[in-house]
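Colleague: let's see this in three dimensions:
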Amino acid sequence: MKTIQIIVKGKVQGVYYRQSAKEKAVDLKITGTVQNTEDGDVLIIATGNPDQLSTFTDWCRVGPTRANVTEVLIEEILLQTFTGFRVLRF
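Modeller: Take a look at the predicted model:
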């Protein structure tokens with residue numbers, strides 16, 4: 001198991017990205033959080049096995065239909081444990 005931080009850039013707010021990411025993560029049995037950032041990006045913290053995370057990051061590069069993803073930054077961070085996958089709002 002490992003945890004990654006994903007920053008998704010582009011037209012990713014107001015296009016159902018967070019909820020779609022949650023649904024994909026739940027399907028893949030990934031735990032973590034997803035939230036909008038103040039600068040218009042989406043921030044995801046995801047914990048899973050390497051295969052799950054690879055499939056998830058592939059999905060993040062495309063996102064839901066109305067999204068226009070221009071860049072995805074992925075960084076492995078210290079392992080974090082979550083009880084599920086939640087959409088956070090600030």
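
Colleague: only C-alpha atoms from now on, for both contacts and neighbour counts.
Modeller: OK.

Colleague: how about the helices in this structure?
Modeller: 17-28, 50-60 (DSSP state H).

Colleague: can I get those in a markdown table with mean pLDDT and distance to residue 68?
Modeller: Written out in a markdown table, the entries for the helices of the chain read as follows (pLDDT from 0 to 100; distance: least, Cα to Cα, whole Å):
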| stretch | mean pLDDT | distance to residue 68 |
| --- | --- | --- |
| helix 17-28 | 98 | 10 |
| helix 50-60 | 98 | 11 |
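
Colleague: between the ones you listed, which one is nearest to residue 85?
Modeller: Proximity to residue 85 (Cα to Cα) singles out helix 17-28 among those, at 6.2 Å.

Colleague: so which bits of the closest one are buried?
Modeller: The neighbour-count criterion (16 or more other Cα atoms under 10 Å) identifies 17, 18, 20, 21, 22, 24, 25, 28 as the buried residues of helix 17-28.

Colleague: look up how far residue 4 lies from the closest residue to residue 84 other than its chain neighbours.
Modeller: Among residues not flanking residue 84 along the chain, residue 31 sits closest, at 4.8 Å (Cα to Cα, 6 or more residues apart in numbering). Taking Cα to Cα, to the nearest Å as the criterion, residue 31 is separated from residue 4 by 11 Å.
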